[in-house]
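From the sequence below, what's the structure:
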Amino acid sequence: MEALEYHLALERFSRHAFKQNHPDVGYEELSSKAMKYAQGVPLALKVLGCFLYEREKEVWESAINKLQRILHPSILEVLKISYDGLDNKEKNIFLDVACFFQGEDVNLVMKFLNASGFYPKLGRSVLVDKSLIVKSNNNKITMHDLLQELGRDIVSKESNNPGNCSLLWHHEDIYEVLTYNMSLPSNISAKKLVFLEMPNSSIEQLWDGMKVCET
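Alright, predicted model coming up:
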C-alpha cells in the first residue's frame, strides 16, 4: 500500500468528507487528526471520509478518540470505524459479501440477502455510499481486498470455536465443524434456504429425516 503525500492525502480525504478539495472551516484540526490514522492509505482516506461526511463534530471526535485508545491502530481498525457505524442488517450484508459473495452476480446476492430479511436494496445503497462495497460494470458485487480482510477478521474473532461463529467460509473451519458435528443441527430450519452448493463434497447426509423447504 503506497501512502500519499500529506497534501494529496488531505485533498483526497476532503473530497469524500466535504465534497471539496479542502476541509470546511472549523474542521481543519479534526481533519488533520483523522488523516494521522488513515496513514495516507487511499482506501482508508476514502472510507473514513465517506463515514464522516455530513457528520456532527461530536461524531468526528468520538471516532478519533476511539482510534486514540488503540495502541498503534492498524488500517483495518481505521476501516472498522465505518463498519461500527452501520446498523445490524447493514453489518450482516457487509459480512456476507466479505465471506461469500465477493465478485458474485448482483441478482444472486440480492436474492440471498432478501431471503435473509436484510432489506438488501437499502442496505446495499448505504454500503455503496460509504464505499464499503462496489457494484462493478459487469453486474458483480465487489469490495476492496482490505475490506474483505476486515469482514473475515470480524467474524473470526467472534469465537475461538469455529462452531460458534456466525459464518464459516474457510475450508479448514468448515471441515472441522462438519467432522465433529457442530454445524447443521438436527433442528435446523430450511425455511429461508436459498441454495446449498457443496461441489466435490463426499458428505452423504446433512440431517436426519425430511426438511420442508418453502418456495
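
what is the rounded mean pLDDT of stretch 124-139?
The predicted model assigns stretch 124-139 a mean pLDDT of 89.

And that stretch, end to end?
This stretch, stretch 124-139, spans 13 Å end to end (CA to CA, to the nearest Å).

what's next to that stretch, contact-wise?
16, 46-47, 50-51, 82-83, 85-86, 90, 93-94, 97, 105-107, 110, 113, 141-144, 147 (CB atoms under 8 Å, 6 or more residues apart in numbering). (Glycine included, C-beta is placed from N, CA and C.)

let's go with 6 Å and repeat that
Counting contacts by CB atoms under 6 Å, 6 or more residues apart in numbering, the residues outside stretch 124-139 that touch it are 46-47, 50-51, 82, 90, 94, 97, 106, 141-143, 147.

swap in stretch 88-104?
Outside of stretch 88-104, the residues that reach it under the criterion CB under 6 Å, 6+ apart are 109, 113, 118-119, 123, 126-127, 132-133, 140-142, 148, 151-152, 155, 167, 169.

If you count neighbours, what's buried in it?
89-99, 101-102 (16 or more other CB atoms under 10 Å).

Tabulate those (a markdown table), appending secondary structure, pLDDT and distance to residue 183.
Formatted as a markdown table, the buried residues of stretch 88-104 follow (DSSP: H, G, I helix; E, B strand; the rest coil; pLDDT from 0 to 100; distance: CB to CB, whole Å):
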| residue | secondary structure | pLDDT | distance to residue 183 |
| --- | --- | --- | --- |
| 89 | helix | 93 | 23 |
| 90 | helix | 95 | 26 |
| 91 | helix | 95 | 22 |
| 92 | helix | 93 | 19 |
| 93 | helix | 94 | 22 |
| 94 | helix | 96 | 22 |
| 95 | helix | 95 | 17 |
| 96 | helix | 93 | 17 |
| 97 | helix | 94 | 21 |
| 98 | helix | 94 | 20 |
| 99 | helix | 92 | 15 |
| 101 | helix | 92 | 20 |
| 102 | coil | 91 | 22 |
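
Fine by me, we can end here.
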